[in-house]
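Participant: one predicted model, sequence on top.
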Amino acid sequence: MEGVTLTKLPKSQVACDVTVPYDEVATGLHAAAAALSARNPIKGFRAGKVPYDVLKQHIGAARIFEEAAYAVIEKKYRAIVEANDLRTVGQPKIEITKLADGNPLSFRMTVAVIPDITLPDYRTIAAEVHKERQPAVVSDADLADTLSWIRKSRRKEALVARPAAQGDMVLTDFEIRSGGVKIEGGDSKNHPVILGERRFMNGFEDALIGATAGDERSFSLTAPEDYQNKGLRGRPLDFSVTVRGVYELELPPLDDAFAQSLGKFENLAALTENIRTGLRAEKKKESDEAARKTLSERIALTVGVDIPDMLVDQEVEKMMRELVQSVEGQGLTFTDYCVHIKKTSDDLAKDFRPQAEVRVKIALALAAIARTEGIAAGDYEVKERAEKFLAHRTNKEVVGIDRAVLSRYVANIIQNEKVFALLLAEKP
């Protein structure tokens, strides 16, 4: 292609140096302006309908040119890949080397291509994993635990004036101190404690036996070796507890009437069978996931492939984003999290790298198996799955989703599911 120079790099990577005439970028200026106006509403104009000159005054010609340039880069990427039959994997790395209104656009695009891969005898590995799978068996204990949980969820709580006994719920305010200093997160108000469930530190529930509403109790316990705060493990902790109330818990009888109160169940036997079916489905799902994980890891251990560094870098970035989202989802800042675990972002990225390499190996191996076995996701399957994905997103979230990227993501998931279905003798 004119204006394109390809250079092969080590580890299955290709660099594409591209120059695009100014006129080719300029033809997309109005489309770029429309896209920008849709994302940057201006008072008095409908989104996406801001006149070009008005938008240019508000955000500048350079910003519009930049938007048009990125649209050209995306088109060029697809054209270069197709023209040169590049079997790319992962996302391209784009470095703009020249971007100025009135001048040609220059950029370097580095892509990872599917490396040569030597697959192990994946069918034999799959057969071994399949033999090791745990059957989805529901025991009587499983049923009893579930029925017990359902009964507890429907219990009645009656405030009583007598001293607390085993099986009662005690509503408490408590505070925990170490060496006279309140520990982090060491207090709670109106906290329910069911005596006998042993969900608190050993000795805590026993200290509340015989307590009545208004009682204040102080006692010391030794933090266990698996205590969440590592710095306090094995150390004495001082508890101050105020009892707000004692409640007697009454569980409904486990009979046909109880089953009927939960829905369209004729009797207790029907409820029990429904629970058994649900538990069996959950256990099968867990077994399936465990088998897929084991199969993937064993194939990754024995596959022969020289992994492109770009793919590992991208996977590390993805893992870092997942960690940040998880931390922030717990109401913490990532900076505070790093301080708490005494590691930097670079430390974490380095820690993630071995796992990222395994993930990349698994992805490449599954794709190679799909090619070998002639497995692919159908257009209708991809469309249907993508529409379901979008249906669970808000309108604002949907607007920001690249449909082409989503389709590739969904197609990859479906393809992998079919590979696992074939290898683990599940029905596709």
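Facilitator: Looks like it arrived, so ask away. Source: prediction; values computed, not measured. Numbers count the residues shown, from 1 in each chain.
Participant: for Leu171, helix, strand, or coil?
Facilitator: When classified by DSSP: H, G, I helix; E, B strand; the rest coil, Leu171 comes out as strand.
Participant: checking my notes, Arg199 in a strand, right?
Facilitator: No. Going by three-state DSSP, the assignment for Arg199 is coil, not a strand.
Participant: for Ser296, which non-adjacent residue is spatially closest?
Facilitator: Nearest in space to Ser296, with sequence neighbours left out and distances taken as C-beta to C-beta, 6 or more residues apart in numbering, is Ile362 at 4.5 Å. Bear in mind the C-beta positions are built from the backbone N, C-alpha and C, glycine included.
Participant: got the buried residues for whatever helix or strand that neighbour lives in?
Facilitator: Counting by DSSP states H and E, the secondary-structure element that holds Ile362 is helix 345-373. For helix 345-373, the neighbour count (16 or more other C-beta atoms under 10 Å) marks 348-349, 352, 356-370 as buried.
Participant: repeat that for stretch 409-427.
Facilitator: For stretch 409-427, using 16+ other C-beta under 10 Å, the buried residues are 410-412, 414-420, 422-424.
Participant: mind giving me the packing neighbours of the helix holding Ile362?
Facilitator: Of the remaining helices and strands, those touching helix 345-373 by 3 or more C-beta pairs under 8 Å, 6 or more residues apart in numbering; DSSP states H and E are strand 88-98, strand 117-118, helix 268-302, strand 304-305, helix 309-329, helix 334-341, helix 403-423.
Participant: nearest to Leu249, of the ones you listed?
Facilitator: Smallest distance to Leu249 across these (C-beta to C-beta): 21.1 Å, for helix 268-302.
Participant: state the distance from the spatially most central residue of the chain to Phe352.
Facilitator: Central residue check for the chain by C-alpha atoms, centre = their mean: the C-alpha nearest the mean position is that of Glu322, 6.5 Å away. In this structure, Glu322 lies at 10 Å from Phe352, with C-beta to C-beta, to the nearest Å as the measure.
Participant: helices or strands up against the strand or helix carrying Ala33?
Facilitator: Per DSSP H and E, Ala33 falls inside helix 29-39. When contacts are defined as 3+ C-beta pairs under 8 Å, 6+ apart, helix 29-39 packs onto helix 52-59, helix 61-83.
Participant: check which helices and strands the last one is in contact with.
Facilitator: Secondary structure elements in contact with helix 61-83, counted by 3+ C-beta pairs under 8 Å, 6+ apart, are strand 13-20, helix 22-26, helix 29-39, strand 88-98, strand 105-113.
Participant: quick one, which of the ones you listed is nearest to Val398?
Facilitator: Val398 lies closest, by C-beta to C-beta, to one member of the helices and strands packed on helix 61-83: helix 29-39, at 13.4 Å.
Participant: let me know the average pLDDT across that closest one.
Facilitator: Within the predicted structure, the mean pLDDT of helix 29-39 is 81.
Participant: what's the weakest-modelled helix or strand in this structure?
Facilitator: Taking mean pLDDT, DSSP states H and E as the measure, the helix or strand of the chain with the lowest value is helix 395-399, at a mean of 73.
Participant: what residues of that helix count as buried?
Facilitator: Within helix 395-399, no residue is scored as buried using 16+ other C-beta under 10 Å.
Participant: residues making contact with it?
Facilitator: Leu390 (C-beta atoms under 8 Å, 6 or more residues apart in numbering).
Participant: need the CA coordinates for it. CSV is fine.
Facilitator: Provided in CSV are the C-alpha atoms of helix 395-399 (Å, rounded to 0.1, in the frame of the first residue of the first chain):
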residue,chain,number,x,y,z
ASN,A,395,-28.2,3.9,27.8
LYS,A,396,-25.1,5.9,28.8
GLU,A,397,-23.0,2.8,29.0
VAL,A,398,-24.2,1.6,25.6
VAL,A,399,-23.3,4.8,23.9
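Participant: ok, so what distance separates the residue nearest to the centre of the chain from Leu159?
Facilitator: Between Glu322 and Leu159 the computed distance is 46 Å (C-beta to C-beta).
Participant: now Asp346
Facilitator: Separation of Asp346 from Leu159 (C-beta to C-beta): 56 Å.
Participant: give me every residue that touches the residue nearest to Ser296.
Facilitator: Remark: with contacts taken as C-beta under 8 Å, 6+ apart, Ile362 is in contact with Ser296, Glu297, Ile299, Ala300.
Participant: nearest to Thr222 among those residues?
Facilitator: Comparing the contacts of Ile362 against Thr222 with C-beta to C-beta picks out Glu297 as the nearest, at 39.6 Å.
Participant: what's the spacing between the closest one and Val358?
Facilitator: Taking C-beta to C-beta as the criterion, Glu297 is separated from Val358 by 7 Å.
Participant: wait, which of the helices and strands packed on helix 29-39 is closest to Tyr337?
Facilitator: The nearest among the helices and strands packed on helix 29-39, by C-beta to C-beta, is helix 61-83 at 33.1 Å.
Participant: what is the burial count for Lys156?
Facilitator: Neighbours of Lys156 under the rule other C-beta atoms under 10 Å: 10.
Participant: give me the local confidence score for the residue lying closest to it once chain neighbours are set aside.
Facilitator: Counting by C-beta to C-beta, 6+ apart, the nearest residue to Lys156 once its immediate chain neighbours are dropped is Glu250, at 4.5 Å. We note a pLDDT of 94 for Glu250 in this prediction.
Participant: so what's Glu250 up against?
Facilitator: With contacts defined as C-beta under 8 Å, 6+ apart, the neighbours of Glu250 are Arg155, Lys156, Glu157, Ala158.
Participant: ok, of those, which come out buried?
Facilitator: Applying 16+ other C-beta under 10 Å to those flags nothing as buried.
Participant: of those residues, closest to Lys283?
Facilitator: Nearest to Lys283 among the contacts of Glu250, counting by C-beta to C-beta, is Arg155 at 26.9 Å.
Participant: quickly note the distance from the residue lying closest to Ile194 once chain neighbours are set aside to Arg359.
Facilitator: In space, and not counting its chain neighbours, Ile194 is closest to Met169: 5.0 Å by C-beta to C-beta, 6+ apart. Taking C-beta to C-beta as the measure, Met169 falls 46 Å from Arg359.
Participant: ok, Pro308 next?
Facilitator: Counting by C-beta to C-beta, the separation of Pro308 from Arg359 is 13 Å.
Participant: could I get the full set of helices for the stretch 101-250 of the chain?
Facilitator: 122-132, 140-153 (DSSP state H, counting those that start in this stretch).
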